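Visitor: Predicted structure and sequence below. I'll ask about it afterward.
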Amino acid sequence: QTTLKSKAKDPYPDWKPGEPVPYAALCTTFSLIEMTTKRLIIQAHCSLFLRQVLRLTPGDLLPTVLLMINKLAADYAGVELGIGESLIMKAVGETTGRSLQVIKQHQKEIGDLGLVAVKSRANQPTMFKPKPLTVRGVHKGLMDIATVTGNGAQGRKVDAIKKLLSAADGHMSGKVDITKDKGGASEAKFVVRFLEGKLRLGLAEKTVLVSLAQAMVCHEIESKQESGAVPSTDELAKGESILKEVYSELPSYEVIIPAMLEHGIFKLHENCKLQPGVPLKPMLAKPTKAITEVLDRFENQTFTCEYKYDGERAQIHYVAKDSRMQYKGPAAAATKTSTGAISAIFSRNSEDLSKKYPDILAKLNTWVKSDTKSFVLDCETVAWDLVEKKVLPFQQLMTRKKKDVKIEDVKVKVCVFAFDLLFLNGEAVVKKSLRDRRELLSNAFNPIEGEFAFATHMDGQELDDIQHFLDESVKASCEGLMVKMLDGKESGYEPSKRSRNWLKIKKDYLSGIGDSLDLVVLGAYYGRGKRTSVYGAFLLACYNSNTDTYETVCNIGTGFSEAILEELYTQLKDIVIDRPKPFYSHSTGNPHQPDVWFEPKYVWEVKTADLTLSPRYKAGSKEGVDPSGEKGISLRFPRFIKLRDDKKPDMATSSRQVAEMYRKQESVTKNKGPSVDDDF
Ligand code: ATP
C-alpha cells in the first residue's frame, strides 16, 4: 500500500518514454516476485511495473500483461505453443553449442529447464552483443512459434526458439551460480519457463488483474492531478471492483486493455460489457451427497431442480444479420451462417467448438423466435437417439470427431439442452434472477424435438419431490440433478465461480463422497502379466492453484479396459519426461516411485470410495488437514471413469476442493467441521 500511494520510484530506470518495454525490465520484476511468497508484495511489484509501462509505453500494456499471465492470447483464440520438453532441450543445446546429451544430463541434475538454459548461456562466451529483447518482440517471437504449421513445423519451431534464446541475456556476463541465485533475472530462464507453460513465480492471474487495476487508478490520478497526487483507498477499491466485474463478464485482455486505455478505468464498465463473441468462464456447482444437504443449504429460500445432462457444456453465441454491429468479438471465433448471422460455440474451457458442431450452428436460426436478434446461451450438448427419441450415454458423444466436422458426415446427432441465458437482444441478463432468465429463455426460443430443448425442471420444494425428480432424471439417462437458487440477487449468474447457489446431486455418489474427481496424470508404472506392453498403473494429482503445483493424490490401476490401456499408452508415451517437474509435489522418500514421469497434460475423471490421510501423498497437505503437516489426502479404491479432454490440467480438482471433500466426509462421520465455501 505504501509503495502504491507514494510517488514510487520506477523499478527499472533504463528505459525512455515511448521505447518498447525492455524484456529485461519485465524479467527484473519477475525475479523480484520470485524472491517472495507474500501476495501483497507480489502485487506491489506487479503494479509498480505496470505503472511504469502505463507512463512510458502504454501501447505495450497488452503484451506485458499477457506475458505476465503466461498466455499469448485469450483461450478462445486457440493459440497453442505446441512444444514439449524435448524440443526446448534441443533448442537450448543448439543455441549454446552443447549436445542434447549434455543438456539432458544438466536437466537431470538441476531439474529446471529454465535454469539449465541459464547455466548453458552463462558459460558461453558472448562474441557480440545481441539487440536487447523487448516485451513486444518476445510476444511476437512466441506467437511465431505457436503459429508454425505444416511440413517441418517442429524444426521451424526449434529455429524460432533458438532465435529468442540467442537474443536473451545480452546484458548478462560472467558465470551464474545456479545453486545460489536461481538464475536471477535471466531472460533465458523466463523465456524457457514461458515455453514450458509455467513461470512458477506464484503470480496468480487474479493478482495480475488486481495489480493492473491499481496501476491504472494510480496512473489516472497522477496524470490528472498535480504531481504528488495519490489515489485514495476508495478509488483503488472502486477501480479494482470495476475491472474484476468487467473481466468476469468479458474475460479478454485483448478487448479490455484497449478500452481501458481509451476510456479510463472508472468508465470501463460503461464501455466494456458482456458481448457475443467473447466467451465467459462458466458458472460451476458445488457437490452434495444427500438431498437433505440441499434442503439445509436452501432453507427458507426458493430453489429449482433441473436434470443434469451428461454431455458437453456449450456456450452458444449468436447475432442475427441485421444486428451484426453487436458482435464485437474477435473474428477468429465467429462463423457466418447461411442466413448471414454470426455465431460461435465455446467449450467449458472457452475453446472454440464451432468446427466440432457445425450441425448446431446451422440450425440456430430455426430455434429462435423472430424477435430474438442476439443471445448467449449456456447449455449441454447431448448425444441423441433419433429412433428411440432419447438421450444417449456420454460415451456416444465422445465418438464424434473433434475438428473439421462436415455436417453430411455427422453420425451421432446431438440435442442441445439449454439451461441458462446470459445475454439477449443486446443486453447482458446475468444479474437478473434465475426465474427471470428462465422466462426470457422460454420466450426467446422454440424447442424442436431432438434438436433443441429447455432443461427439464421441477420447482417443488419437498424432499419427496426432489427424490422423485432424481429418480426420473436417472430414468431419462441423466447424471442426476442440478439444484439452483431461483429468486433474488443470489440467483444471478456468477461467471467462473463454483458457487453454493448451484448444487449438483449425482446419482452414483449419494452414498460416497459426493462427487468424482478430475485428476492429472503425472506418472506411470509398467504393467505386469497381461499388461507388460502398456502402463498398468498411474500416479495422479490434484492442482493447488495457490502454489501452482500438482499434488499427488493416488495410484490407480482399476477401471481400465485393455483397449483403453493401449490408447492411454499411445497418448502418454509421447509426453514422457526424464524426471518430475519442479512443480510436482510428491513424496520422494517412498519406494513406489513411478517408472516414468509425464508432462502435465491429461485430466481423468476418477471415482473413489472415500478419502483418507496418507504419508505417501501430498494432496491438501497445505490446507491444514493433518496437524503434523506430514500427511496428504489420498483416494481409497480409486477407479478410472473417463478422459476429461474438456479440462486443462490447471482445471483439475483443486487441493482445496479435495480438502473440502475430506472435511465434509469427516463432518458426516463426526457431525461437525467447517465447509470451505469457495474454490479459490
Ligand atoms: P462434472 O464432472 O459434474 O460435469 P464440472 O466440474 O464439469 O463437473 P460442475 O459445475 O461441477 O462442472 O457440474 C455442472 C456441469 O454439469 C456443467 O459444467 C454442465 O456441463 C453440466 N450440466 C448438465 N445439466 C446441467 C444443468 N441443468 N445446469 C447446469 N449444468 C448442467
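Guide: Structure's in. What do you need?
Visitor: Enumerate the beta-bridge partners assigned to the residue in the stretch 151-300 of the chain that the ligand sits nearest to.
Guide: As assessed by Cβ to the nearest ligand atom, the ligand sits closest to Leu284 within the stretch 151-300 of the chain, at 3.4 Å. For every residue, glycine as well, the C-beta is placed using N, CA and C. Residues in a beta bridge with Leu284, per DSSP bridges, are Arg498.
Visitor: how close does Pro393 sit to the ligand?
Guide: To the ligand, Pro393 is 14 Å away according to Cβ to the nearest ligand atom, to the nearest Å.
Visitor: and that residue, how many neighbours?
Guide: By the measure other Cβ atoms under 10 Å, the count of residues near Pro393 is 12.
Visitor: I figured it hits Asp310, correct?
Guide: Yes: contact criterion Cβ atoms under 8 Å: Pro393 and Asp310 qualify, at 7.0 Å.
Visitor: Tell me the residues that contact both of these two, please.
Guide: Residues within reach of Pro393 and of Asp310 at once, by Cβ atoms under 8 Å, 6 or more residues apart in numbering, are Ser477.
Visitor: which bits of the stretch 401-550 of the chain sit near the ligand?
Guide: 419, 455, 482, 504 (Cβ under 6 Å from any ligand atom).
Visitor: State the pair within the residues you listed that is farthest apart.
Guide: Pairwise distances across these (Cβ to Cβ) peak at 13.0 Å, for the pair Ala455 and Lys504.
Visitor: Quick one: residues in contact with the longest helix along the chain.
Guide: Of all segments of type helix in the chain, defined using DSSP state H, the longest is helix 205-224. Contact with helix 205-224 is made by 4, 7, 39, 42-43, 46-51, 53-55, 65, 68-69, 229-231, 235-236, 238-240, 242-244, 247, 260, 264-266, 680, as judged by Cβ under 8 Å, 6+ apart.
Visitor: Just the buried residues of those.
Guide: For the contacts of helix 205-224, a burial check counting by 16 or more other Cβ atoms under 10 Å picks out 4, 42-43, 46-51, 53-54, 65, 68, 231, 235-236, 238-240, 242-243, 247, 260, 264-265.
Visitor: Which of those fall within helices?
Guide: Filtering the buried ones among the contacts of helix 205-224 for helices - DSSP H - leaves 4, 42-43, 46-51, 53-54, 65, 68, 235-236, 238-240, 242-243, 247, 260.
Visitor: Quick check: nearest residue in space to Phe637, chain neighbours excluded?
Guide: Closest residue to Phe637 apart from its sequence neighbours, by Cβ to Cβ, 6 or more residues apart in numbering: Ala609 at 4.3 Å.
Visitor: which bits of the protein sit near the ligand?
Guide: Residues of the chain lying close to the ligand by Cβ under 6 Å from any ligand atom are 284-285, 306-309, 313, 348, 380, 419, 455, 482, 504.
Visitor: where do the helices sit along the stretch 551-680 of the chain?
Guide: Taking DSSP state H, counting those that start in this stretch as the test, the helices found in the stretch 551-680 of the chain are 562-572, 655-670.
Visitor: weakest of these in terms of mean pLDDT?
Guide: Mean pLDDT is lowest for helix 655-670 out of the helices of the stretch 551-680 of the chain, coming in at a mean of 78.
Visitor: show me the contacts for the residue of the stretch 151-300 of the chain closest to the ligand.
Guide: 496-499, 502, 679 are the contacts of Leu284 under Cβ under 8 Å, 6+ apart.
Visitor: And the residue of the stretch 551-680 of the chain found nearest the ligand, what's its pLDDT?
Guide: Nearest residue of the stretch 551-680 of the chain to the ligand, counting by Cβ to the nearest ligand atom: Glu605, 6.4 Å away. Looking at Glu605, its pLDDT stands at 95.
Visitor: How about the contacts made by it?
Guide: By Cβ under 8 Å, 6+ apart, the contact set of Glu605 is 516-518, 640-644.
Visitor: Restricted to buried residues, select those in ChimeraX.
Guide: Per 16+ other Cβ under 10 Å, the buried members of these correspond to this ChimeraX selection:
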select :516,517,518,640,641,643,644
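Visitor: Report the helix or strand with the lowest average pLDDT across the chain.
Guide: helix 2-5 (a mean of 46; mean pLDDT, DSSP states H and E).
Visitor: tell me which element Leu195 falls in.
Guide: Under the criterion of DSSP states H and E, Leu195 resides in helix 187-196.
Visitor: can you list contacts of that helix?
Guide: By Cβ under 8 Å, 6+ apart, helix 187-196 touches 23-24, 26-27, 30, 67, 70, 81, 83, 85, 88, 92, 113-118, 121, 133, 138, 142, 145, 161, 164-165, 168-169, 183, 199-200.
Visitor: From Pro594, how far off is Phe640?
Guide: Using Cβ to Cβ, to the nearest Å, Phe640 is found at 16 Å from Pro594.
Visitor: for Leu481, same thing?
Guide: 38 Å.
Visitor: before we move on, what about Lys373?
Guide: Plainly put, Lys373 is 55 Å away from Pro594 if you go by Cβ to Cβ.
Visitor: what do you get for Ser350?
Guide: Counting by Cβ to Cβ, the gap from Ser350 to Pro594 is 32 Å.
Visitor: same check, this time on Cys305
Guide: 43 Å.
Visitor: which of the two has more neighbours?
Guide: Neighbours per residue, other Cβ under 10 Å: of Cys305 and Pro594, the larger number sits with Cys305, 27 against 20.
Visitor: Need the three-state assignment for that one.
Guide: strand (DSSP: H, G, I helix; E, B strand; the rest coil).
Visitor: The chain should start at 17 in everything you say after this.
Guide: Right, with 17 as the first residue, what we last looked at is Cys321.
Visitor: Is it bridged to anything, and to what?
Guide: Counting by DSSP bridges, Cys321 is bridged to Met474, Val499.
Visitor: so what's it up against?
Guide: Shown in contact with Cys321 (Cβ under 8 Å, 6+ apart): 473-476, 481-482, 485-486, 497-500.
Visitor: What about the residues you listed, which one has the most neighbours?
Guide: Once you tally neighbours by other Cβ under 10 Å, Val499 ends up highest among those, having 29 neighbours.
Visitor: hang on, that residue packs against Thr320?
Guide: Yes: assessed by Cβ under 8 Å, Val499 is found in contact with Thr320 at 7.3 Å.
Visitor: Is Lys419 in contact with Lys372, as I believe?
Guide: Yes: with contact defined as Cβ under 8 Å, Lys419 counts as touching Lys372 (6.3 Å).
Visitor: more neighbours, these two?
Guide: Counted by other Cβ under 10 Å, Lys419 and Lys372 do not tie: Lys372 has more neighbours, with 20 against 7.
Visitor: Let me see the contact set for the more buried one.
Guide: By Cβ under 8 Å, 6+ apart, the neighbours of Lys372 are 361, 416-419, 421.
Visitor: 10 Å instead?
Guide: By Cβ atoms under 10 Å, 6 or more residues apart in numbering, the contact list for Lys372 reads 328, 330, 361, 363, 397, 416-421.
Visitor: For the ligand, state which of the contacts of Cys321 is nearest.
Guide: Met498 (4.0 Å).
Visitor: related to what we said a few turns ago, need the max-distance pair from the contacts of Glu621.
Guide: Leu533 and Leu659 (13.8 Å).
Visitor: Can you pull the residues that touch both of those two?
Guide: Residues touching both Leu533 and Leu659 by Cβ under 10 Å, 6+ apart: 619-621.
Visitor: and the end-to-end length of stretch 41-60?
Guide: Start and end residues of stretch 41-60 are separated by 15 Å (Cα to Cα, to the nearest Å).
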